[in-house]
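**Q** Have a look; sequence and predicted model below, questions after that.
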Amino acid sequence: MRRKRHHGSNSLPEVNLIPMMDVLMTVLTFFILISMTLSLEQGVEVQLPSKQVSTPQQVPPPPLIVKLDLQGISVNDRPIESAPLMLQVKAYLAKNPKGVVVLQAEPQMSYSKVVKLLTDLKATGGERVSLAIE
């Protein structure tokens, strides 16, 4: 086998970098343009309030607070029996369509008494009756 010998210089082959730089700049320009179009902020249409006088919002009525403690049941710090209580709750809810009834029970009260009164109130007032946790 014969080996070809290079007669001449032992220099490195030349690589023409200009076409590679042209391709690189074209790709870079493409990505810059795409990133600019994707990063444009999208607007959200918002309806601004007008200068018209708005109607005042109705203030909800104060809740009817039923307290259950060792002395018995009281409404607005006045003692009451169970039967008149249910009539008063019905009257309150009929008078105040957005009113609520809140049962505040002392921590010392037995669970069964609290549940019984809460069940009776729920039967009278439905979903507008709740139990205070503090």
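**A** Received the coordinates, thanks.
**Q** What confidence value was assigned to Val53?
**A** The model reports Val53 with a pLDDT of 66.
**Q** for Gln104, same thing?
**A** In the predicted model, Gln104 carries a pLDDT score of 90.
**Q** That one should be in a strand, yeah?
**A** Yes - for Gln104, which was evaluated using DSSP: H, G, I helix; E, B strand; the rest coil, the result is membership in a strand.
**Q** Tell me the bridge partners for it.
**A** Lys67 (DSSP bridges).
**Q** Based on its surroundings, how many neighbours for Ala105?
**A** Neighbour count for Ala105, taken as other CB atoms under 10 Å: 21. Using the backbone N, CA and C atoms, a C-beta is placed for each residue, glycine as well.
**Q** Over to the one 3 residues further on?
**A** The number of residues packed near Gln108 is 7, by other CB under 10 Å.
**Q** 28 is where my numbering starts, stick with that
**A** Sure, I'll start counting at 28 from here, so that last one is Gln135.
**Q** got the CA coordinates for the longest helix seen in the chain in PDB?
**A** Counting residues, the longest helix in the chain under DSSP state H turns out to be helix 45-65. Once non-C-alpha atoms are left out, helix 45-65 reads as follows in PDB (Å, rounded to 0.1, in the frame of the first residue of the first chain):
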ATOM      1  CA  ILE A  45     -19.300  33.300   7.000                       C
ATOM      2  CA  PRO A  46     -22.100  30.900   5.900                       C
ATOM      3  CA  MET A  47     -22.300  29.400   9.300                       C
ATOM      4  CA  MET A  48     -22.700  32.800  10.900                       C
ATOM      5  CA  ASP A  49     -25.400  33.700   8.400                       C
ATOM      6  CA  VAL A  50     -27.400  30.600   9.300                       C
ATOM      7  CA  LEU A  51     -26.900  31.300  13.000                       C
ATOM      8  CA  MET A  52     -28.000  34.900  12.800                       C
ATOM      9  CA  THR A  53     -31.100  33.900  10.800                       C
ATOM     10  CA  VAL A  54     -32.100  31.300  13.400                       C
ATOM     11  CA  LEU A  55     -31.400  33.800  16.200                       C
ATOM     12  CA  THR A  56     -33.500  36.500  14.500                       C
ATOM     13  CA  PHE A  57     -36.400  33.900  14.000                       C
ATOM     14  CA  PHE A  58     -36.400  33.100  17.700                       C
ATOM     15  CA  ILE A  59     -36.300  36.700  18.800                       C
ATOM     16  CA  LEU A  60     -39.300  37.600  16.600                       C
ATOM     17  CA  ILE A  61     -41.200  34.600  17.800                       C
ATOM     18  CA  SER A  62     -40.500  35.300  21.500                       C
ATOM     19  CA  MET A  63     -41.600  38.900  21.000                       C
ATOM     20  CA  THR A  64     -44.900  37.900  19.500                       C
ATOM     21  CA  LEU A  65     -45.600  35.400  22.200                       C
END
